[in-house]
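Novice: got a structure for you, letters missing:
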């Protein structure tokens, strides 16, 4: 009886020990195209950039997301200060509702009358869905044409909060433990007869 109790205890500890997934890291490259709307569309000296693009995970994960979103840019300074402050920043949502948002700063000018380019640095402040509890950083290069259209290419690293999702082997391990207990009970009963 004590051998069986030790075995059951050991298997239960193994099952419960791996019952939740660890925090995830999502690395992805993204391409983003959009339209620059008029000045003051989102407040004083604020320019709204409407955007759509594709993000492709890098590393072990082979997944892509189509997304749409908005970037709210402060136009009072040609260099720094974009997307930081009350009401400013960026937000992207994919087609199934996963959301990611944050702030950004830039060096360059994409809002000049004839267009331009900038290097952006992103800070991820949160999200929902697969990006629940997200934080992270990213960088990109963006170019605009005649202050109407823009194209951006970049990369991000996003860290997500741990979730209570069973690891793939937990169910198999639990079923194996139950099977072993059943075989042991069957043998014990047969030995008593």
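Specialist: That came in fine, so what should we check first? Model, not experiment: these values are computed from the prediction.

Novice: CA only for contacts and neighbour counts going forward, please
Specialist: OK.

Novice: for the host helix or strand of residue 51, packing partners?
Specialist: Assigned by DSSP states H and E, residue 51 belongs to strand 46-57. The contact analysis (3 or more C-alpha pairs under 8 Å, 6 or more residues apart in numbering; DSSP states H and E) places strand 46-57 against strand 25-39, strand 64-74.

Novice: so the next helix or strand after the shortest one versus strand 64-74, what angle?
Specialist: If I follow you right, that is strand 64-74. Using DSSP H and E, the helix or strand that directly follows strand 64-74 along the chain is strand 89-94. Relative orientation of strand 89-94 versus strand 64-74 (axes from the mean of the first three to the mean of the last three C-alpha atoms, to 10 degrees): 160 degrees.

Novice: any buried residues in strand 89-94, and which?
Specialist: 89, 90, 91, 92, 93, 94 (16 or more other C-alpha atoms under 10 Å).

Novice: the nearest residue to residue 114 once chain neighbours are set aside: neighbouring residues, count only.
Specialist: Leaving aside its chain neighbours, residue 114 sits nearest to residue 146 (4.2 Å; criterion: C-alpha to C-alpha, 6 or more residues apart in numbering). Residue 146 is flanked by 14 other residues according to other C-alpha atoms under 10 Å.

Novice: just checking, residue 146 touches residue 117?
Specialist: No - the pair residue 146 / residue 117 is not scored as a contact, 11.3 Å apart, by C-alpha atoms under 8 Å.

Novice: and for residue 130, nearest residue in space, chain neighbours not counted?
Specialist: That would be residue 98: by C-alpha to C-alpha, 6+ apart, it lies 6.1 Å from residue 130.

Novice: what are the phi and psi values at that neighbour?
Specialist: Backbone torsions of residue 98, given as degrees, to the nearest 10, read phi -70, psi 130.

Novice: who's in contact with it?
Specialist: 127, 128, 129, 130, 131 (C-alpha atoms under 8 Å, 6 or more residues apart in numbering).

Novice: farthest pair within the buried residues of strand 89-94?
Specialist: Greatest spatial distance among the buried residues of strand 89-94 (C-alpha to C-alpha): 89 and 94, at 17.3 Å.

Novice: residue 69 reaches residue 48, doesn't it?
Specialist: No - checked against C-alpha under 8 Å, the pair residue 69 and residue 48 is beyond contact range at 10.3 Å.

Novice: which of those two has more neighbours?
Specialist: Counted by other C-alpha under 10 Å, residue 69 and residue 48 do not tie: residue 48 has more neighbours, with 23 against 19.

Novice: thanks a lot, catch you later.
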